[in-house]
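Student: Take this sequence and fold it.
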Amino acid sequence: MAQKLASDTDRGTGTLRRDIGRYGAAIASATVFSAVQVFVIPRRLDVETYGQYRLFLLFVNYFGLIQFGLSEGGFLRWAGRPRGQIAWEWQQVTRWIFLIHAPVIILAVIGAVAFPGVRVFLIAICICALFVNLAAVCGFALQAAGDFKHAGNVAMLAPGLFIAGFLLLPQPTLTAILAVYTASFAVAWGFGWIALRRITPDPESGPDALSVKLVMRSGLPVMGASIAAVLSQSVDRFFVSAAVPLTAFALYGFASTAAVAANSATQTLQRVALSHAAHKTVDDRSRFLGGFLNLIAIGYGTALVFEPLFEHAVASALPLYRDALPIIRAFTVGLPAWVGMRVVLLPTLQSHGKVNRQLACELVGVALVAAIAAVLVLAHRPMWQVAAGGSLASAITFVVCHRLVVRSVPTALEQPVYRFLLIVLLQGAALLAALSFAASWPFQAATYAVLAFLPTGYAVMRMRTQRW
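Tutor: Numbers count the residues shown, from 1 in each chain. The predicted model follows:
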């Protein structure tokens, strides 16, 4: 048994960089497609239609949660297990998700007849949520099986096909946009289904039988944490949407696209980290996951070099959204804490079986974001201050979650976390200083690069000393 564990550990360590590279390249491509959407979609839509599209995306995330943690529970169950077992069990989980979504879609069709004014939203949201969940299960199964190449393709296909289909639309009406968006996830699921069918199923390779109760038992707390994670990123938008006209909300929704790259990085690093942490010994998992803090700091520090160019492009190509730039800056400074919590701190709890405490951390974040956003919205503060309040809540949640991790599991995260917070604080301050004191975007980028050189360089130095 000890020899097998050591072998698994060596294999996980040896393929870590390859998996990050493969999956990261695919997610980077998906990020590029998402970034293209930032500029292409608003240019072809009026502000009100764009606001409706952003609301559709918001509700799809929540309707997708009716799978009751089956995808999350499946991933937790499959991490570190034989490929043959994964290839057999994902098919059963897929059937369960179909059975859960079927009555919801039927009710949506009935509701569409009774309320024709919202029939497009009702049907599109429910069907799209089904395909999003099916694609997610395929992606999780491929990741757990160590096939990050095809898992990356599943993640990349949906945004790539959506932007291609959107550009081909002669007249991008809301109905056509939602149809293309839904179809893109259907194709991504089909690709993942084909990739998984190539693995020979082995129902006898697992020590315990698969059951809905077994998967949900571990998956529901993780799904609850996922719900809370979505809420912590979007609950402020509910307050804003209730307090301002739809056209003003479109600015806030547009600004939230600043988190596209951060969400992509989180998806990449979190899944790779969890898959490889499953092969580590209990005492070695915290040190292994803590190493990702340096990687996050390097990525954040490098990405901020392009923030001045991004703002210049928005001001030039999308002048109607120029007023969203202060909101984007307020979102950006809080991203490292949000990513670090979900790539390092929460997976540390998850890899040690502390899924209930993972949920508690996320609930703290939701409560803080909701409280701060409610106070600022009721006080009629500018929207950039509401976004800044969300960033502050993310930072506080990160600190609280770190203390819970230290108390809950054997951890070596104390010093890495303090260094990480100092590094990203200096990087964020360097960006704000560069944007404030330099006139044109090239000088802003150069000024930031000079100011952030030392903290980012220190993160690179720490990264090179890690034993990965």
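
Student: quick one: low-confidence parts of the stretch 51-200 of the chain?
Tutor: Across the stretch 51-200 of the chain, the ranges flagged by pLDDT under 70 are 62, 64-65, 68-69, 72, 79-80, 116-118.

Student: Helices of that one, residue ranges please.
Tutor: Taking DSSP state H, counting those that start in this stretch as the criterion, the stretch 51-200 of the chain contains helices spanning 70-78, 83-114, 119-144, 148-168, 174-197.

Student: where does Ile296 land in three-state SS?
Tutor: What DSSP: H, G, I helix; E, B strand; the rest coil gives for Ile296 is helix.

Student: cool, Lys280 as well?
Tutor: Classified using three-state DSSP, Lys280 is coil.

Student: Grab the nearest non-local neighbour of it.
Tutor: Take Lys280 and drop its neighbours on the chain: the residue closest to it by CB to CB, 6 or more residues apart in numbering is Phe288, 5.3 Å away. Every residue, glycine included, has its C-beta placed from N, CA and C.

Student: The one you found and His276 touch, don't they?
Tutor: Yes. Phe288 lies in contact with His276 (CB atoms under 8 Å); the separation is 7.2 Å.

Student: still on that earlier bit, save the helices of the stretch 51-200 of the chain as a markdown table, and put in distance to Trp441 and mean neighbour count too.
Tutor: What follows is the helices of the stretch 51-200 of the chain, written out as a markdown table (distance: least, CB to CB, whole Å; neighbours: other CB atoms under 10 Å):
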| stretch | distance to Trp441 | mean neighbour count |
| --- | --- | --- |
| helix 70-78 | 41 | 25 |
| helix 83-114 | 46 | 17 |
| helix 119-144 | 36 | 24 |
| helix 148-168 | 25 | 21 |
| helix 174-197 | 31 | 19 |
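
Student: CSV please, covering these and showing distance to Tyr252.
Tutor: As requested, those are arranged in CSV below (distance: least, CB to CB, whole Å):
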stretch, distance to Tyr252
helix 70-78, 29
helix 83-114, 27
helix 119-144, 20
helix 148-168, 22
helix 174-197, 19
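
Student: hey, where'd the helices end up in the stretch 201-350 of the chain?
Tutor: Under the criterion DSSP H, counting those that start in this stretch, the stretch 201-350 of the chain contains helices at 212-243, 246-255, 260-277, 282-290, 292-303, 307-317, 325-332, 335-340, 346-351.

Student: Buried residues in the fourth one, which are they?
Tutor: By neighbour count, and taking 16 or more other CB atoms under 10 Å as the criterion, the buried residues in helix 282-290 are 284-290.

Student: Run through the residues that contact the residue nearest to Lys280.
Tutor: Going by CB atoms under 8 Å, 6 or more residues apart in numbering, Phe288 touches 273, 276-277, 280, 468.

Student: what two of those residues have the greatest distance between them?
Tutor: By the measure CB to CB, Ala277 and Trp468 form the most distant pair in these, at 12.1 Å.

Student: Please identify which of those two sits among more neighbours.
Tutor: Taking neighbours as other CB atoms under 10 Å, Ala277 and Trp468 compare with Ala277 leading, 22 against 13.

Student: Contact partners for the more buried one?
Tutor: The contact partners of Ala277, by CB under 8 Å, 6+ apart, come to 285, 288-289, 347, 351.

Student: For Val344, see how far away the residue nearest to Lys280 is.
Tutor: Per CB to CB, to the nearest Å, Phe288 is found 10 Å from Val344.

Student: Overlap in contacts, those two.
Tutor: In contact with both Phe288 and Val344: Ala273, using CB under 8 Å, 6+ apart.

Student: quick one: the nearest residue to Gln358 once chain neighbours are set aside from His402, how far?
Tutor: Spatial nearest neighbour of Gln358, excluding adjacent residues (CB to CB, 6+ apart): Leu349 at 4.5 Å. From Leu349 over to His402 the distance is 11 Å, taken as CB to CB.

Student: before we move on, back to that, the helices of the stretch 51-200 of the chain: which one's closest to Ala255?
Tutor: Closest among the helices of the stretch 51-200 of the chain, once you apply CB to CB, is helix 148-168, at 19.1 Å.

Student: Just list what that closest one packs against, helices and strands only.
Tutor: helix 2-44, helix 119-144, helix 174-197, helix 260-277 (3 or more CB pairs under 8 Å, 6 or more residues apart in numbering; DSSP states H and E).

Student: angle of that helix against helix 119-144?
Tutor: Helix 148-168 runs at 160 degrees relative to helix 119-144, counting by axes from the mean of the first three to the mean of the last three CA atoms, to 10 degrees.

Student: Val364 - how many residues pack around it?
Tutor: Per other CB under 10 Å, the neighbour tally for Val364 reads 18.

Student: wait, doesn't it sit right on Val400?
Tutor: Yes. Val364 is within contact range of Val400, at 5.5 Å (criterion: CB under 8 Å).

Student: Out of the helices of the stretch 201-350 of the chain, point me to the one whose mean pLDDT is lowest.
Tutor: Among the helices of the stretch 201-350 of the chain, helix 212-243 carries the lowest mean pLDDT, a mean of 64.

Student: Which pLDDT value goes with Arg17?
Tutor: The model reports Arg17 with a pLDDT of 64.

Student: Oops, could you answer that again for Val450 instead?
Tutor: 94.

Student: residues contacting it?
Tutor: No contacts exist for Val450 under CB under 8 Å, 6+ apart.

Student: what's it sitting at in phi/psi?
Tutor: The phi/psi pair for Val450 (degrees, to the nearest 10) reads phi -70, psi -50.

Student: roughly how far apart are it and Leu425?
Tutor: Applying CB to CB, the value for Val450 to Leu425 is 17 Å.

Student: Same question for Thr49.
Tutor: 39 Å.

Student: between those two, which one's more packed in?
Tutor: Neighbours per residue (other CB under 10 Å) separate Thr49 from Leu425, with Thr49 holding more: 18 against 15.

Student: ok, that one touching Leu174?
Tutor: Yes. Using CB under 8 Å, Thr49 is in contact with Leu174, at 5.6 Å.

Student: now Leu157, nearest residue through space, not along the chain?
Tutor: Once flanking residues are discounted, Leu157 sits nearest to Ala188: 4.1 Å by CB to CB, 6+ apart.

Student: List the residues that contact that neighbour.
Tutor: By CB under 8 Å, 6+ apart, the residues touching Ala188 are 131, 135, 138, 154-155, 157-158, 161.

Student: how about those in a markdown table, adding distance to Gly84?
Tutor: Shown next, in a markdown table, are those (distance: CB to CB, whole Å):
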| residue | distance to Gly84 |
| --- | --- |
| Phe131 | 26 |
| Ala135 | 22 |
| Cys138 | 17 |
| Val154 | 20 |
| Ala155 | 24 |
| Leu157 | 26 |
| Ala158 | 28 |
| Leu161 | 31 |
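
Student: Determine which two of those are furthest apart.
Tutor: Spanning the widest gap among those are Cys138 and Leu161, at 15.3 Å by CB to CB.

Student: got the contact list for Val109?
Tutor: Applying CB under 8 Å, 6+ apart, we find Val109 in contact with Ile123.
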